[in-house]
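Asks: Have a look at this fold, sequence not included:
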């Protein structure tokens, strides 16, 4: 119970937070989310998804239920998992309305600027609650995905979702649940400890490894070929290496290679440190015995070396971490719910480290169609949303500081994503 706690906001009331000292949260730009604000964001967002699914189902309840069970929701800065828990509970309630009443929830149930209407009688409310509890484990096991760079937040979110799945509200009986072990397996595959801002897709990894290490494309493509388990080290090491060579400014001429090899040597046991001198072509061919140790060292450096202002990078490569969603025919999530961390653009270098800021700018400059300037941290997160969402009928519901509509962010983020040629359309914006 030490990892879940209520963080008192400055204006009174209670909010949902995560573990760690106040200084750690402040340095990372992490801030509490009031429980009412969670509901305010989740309800209308999920309601919009239901409305679209109901329209496509054309009144067919079986098709509507199947469409709801196929929804996939992600939080790229999940903290303690409060958005995911709320989304799962809302989706389970929608499925409960179908099971109990033979129809979808009334539209006013999804509005949050005023309290949602309550069921007209106690018996209906009781039946809906019982059905919701029964459906919640299935929803959590299949629809919830998330990531956070903080290991404590990651563990907390997994615990919060697991507890929501296997128990009802405090004092209530255990709900019918997916077997605990199977549920944990789903959560371990769907929730990740990593930085959603730092990661590459296959095209980006190929470009980095070919241009910065002088490797032939055929060798790189062979190393990136999906294996039987995309979460294991043999699959992620080329992506992590691509991030490292980009971040350290490695060049085929030798620039930056000494620093990278020193980091790899430090990650190897003393007897295996000569492996750090292995040629890059030998590393990718896999024909020499030390390659296995060196590949593990690459992943270790990417996940543990203090390369981001004293903290580890922990890159999160979306097409690996979320392969069942991003690598399938659906090509993305149906909904993204987030309260991204906020660090002002003037503090980014001090909080993230100059190298990481340069890398982020390089990754997003072409997308933002800008030659210079830097969005703040929440702006960078918002730019990342397009990489995670399905190309059609997806919704991003996000909290953001006022700076998102101001100055550099307005030009680099809003104009890019929601301008005339952007991928998004703003359907609702509520100022504080």
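Replies: Cool, got the structure. Predicted, not measured: the structure shown is a model, and the values here were computed from it.
Asks: could you pull out the helices for the stretch 251-400 of the chain?
Replies: 257-266, 280-285, 291-304, 318-321, 323-326, 348-352, 354-368, 377-388 (DSSP state H, counting those that start in this stretch).
Asks: do you know which of those lies nearest residue 68?
Replies: helix 323-326 (16.0 Å; CB to CB). Placement of C-beta: from N, CA and C, glycine included.
Asks: mean confidence score for the closest one?
Replies: For helix 323-326, the mean per-residue pLDDT is 88.
Asks: next one: stretch 123-136
Replies: Rounded mean pLDDT across stretch 123-136 is 91.
Asks: returning to that earlier point: would you tell me which of the helices of the stretch 251-400 of the chain gets closest to residue 107?
Replies: helix 377-388 (25.9 Å).
Asks: circling back: can you add distance to residue 33 and mean neighbour count and give the helices of the stretch 251-400 of the chain back as a markdown table?
Replies: Shown next, in a markdown table, are the helices of the stretch 251-400 of the chain (distance: least, CB to CB, whole Å; neighbours: other CB atoms under 10 Å):
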| stretch | distance to residue 33 | mean neighbour count |
| --- | --- | --- |
| helix 257-266 | 36 | 16 |
| helix 280-285 | 43 | 17 |
| helix 291-304 | 27 | 20 |
| helix 318-321 | 23 | 24 |
| helix 323-326 | 24 | 19 |
| helix 348-352 | 20 | 19 |
| helix 354-368 | 24 | 17 |
| helix 377-388 | 13 | 23 |
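Asks: Ok, which of those helices comes nearest residue 219?
Replies: Of the helices of the stretch 251-400 of the chain, nearest to residue 219 by CB to CB is helix 280-285, at 4.4 Å.
Asks: circling back to that earlier point, mean pLDDT lowest for which of the helices of the stretch 251-400 of the chain?
Replies: helix 354-368 (a mean of 78).
Asks: helices and strands around that one, which ones?
Replies: helix 233-247, helix 348-352, helix 377-388 (3 or more CB pairs under 8 Å, 6 or more residues apart in numbering; DSSP states H and E).
Asks: and the helix or strand encompassing residue 145, which strands flank it?
Replies: Following DSSP states H and E, one finds residue 145 within strand 144-148. Sheet partners assigned to strand 144-148 using DSSP bridges are listed as strand 73-75 (parallel), strand 191-193 (parallel).
Asks: which residues are in contact with it?
Replies: The contact list for strand 144-148 (CB atoms under 8 Å, 6 or more residues apart in numbering) reads 72-79, 81, 84, 87-88, 154, 157, 161, 187, 190-196, 316, 321-322, 325, 333.
Asks: re earlier: deepest in the core, which of the strands paired with strand 144-148 is it.
Replies: Between the strands paired with strand 144-148, strand 73-75 has the highest mean count of neighbours, a mean of 28, where neighbours are mean count of other CB atoms under 10 Å.
Asks: tell me the phi and psi of the most centrally placed residue in the chain?
Replies: Per CA atoms, centre = their mean, the C-alpha nearest to the average position across the chain is that of residue 76, at 2.4 Å. Main-chain dihedrals, residue 76, degrees, to the nearest 10: phi -80, psi 0.
Asks: For the nearest residue to it once chain neighbours are set aside, grab the count of nearby residues.
Replies: Closest residue in space to residue 76, ignoring its immediate chain neighbours: residue 196 at 3.8 Å, by CB to CB, 6 or more residues apart in numbering. Neighbour count for residue 196, taken as other CB atoms under 10 Å: 28.
Asks: which residues does residue 196 contact?
Replies: Contacts for residue 196 were tallied using CB under 8 Å, 6+ apart; they are 76, 77, 147, 149, 316, 318, 381, 384.
Asks: If I look at it, what pLDDT would I see?
Replies: The predicted local confidence for residue 196 is 93.
Asks: try the one 3 residues further on
Replies: On the pLDDT scale, residue 199 is placed at 91.
Asks: now do the one 5 residues further on
Replies: In this model, residue 204 is scored at 91, pLDDT.
Asks: wait, it sits on residue 242?
Replies: Yes. Look at residue 204 against residue 242 with CB atoms under 8 Å: they come within range, at 6.9 Å.
Asks: between the two, which one's more packed in?
Replies: residue 242 (28 against 17).
Asks: quick one: contacts for the more buried one?
Replies: 200, 204, 205, 208, 209.
Asks: repeat that with 6 Å
Replies: By CB atoms under 6 Å, 6 or more residues apart in numbering, residue 242 lies in contact with 200, 205, 208, 209.
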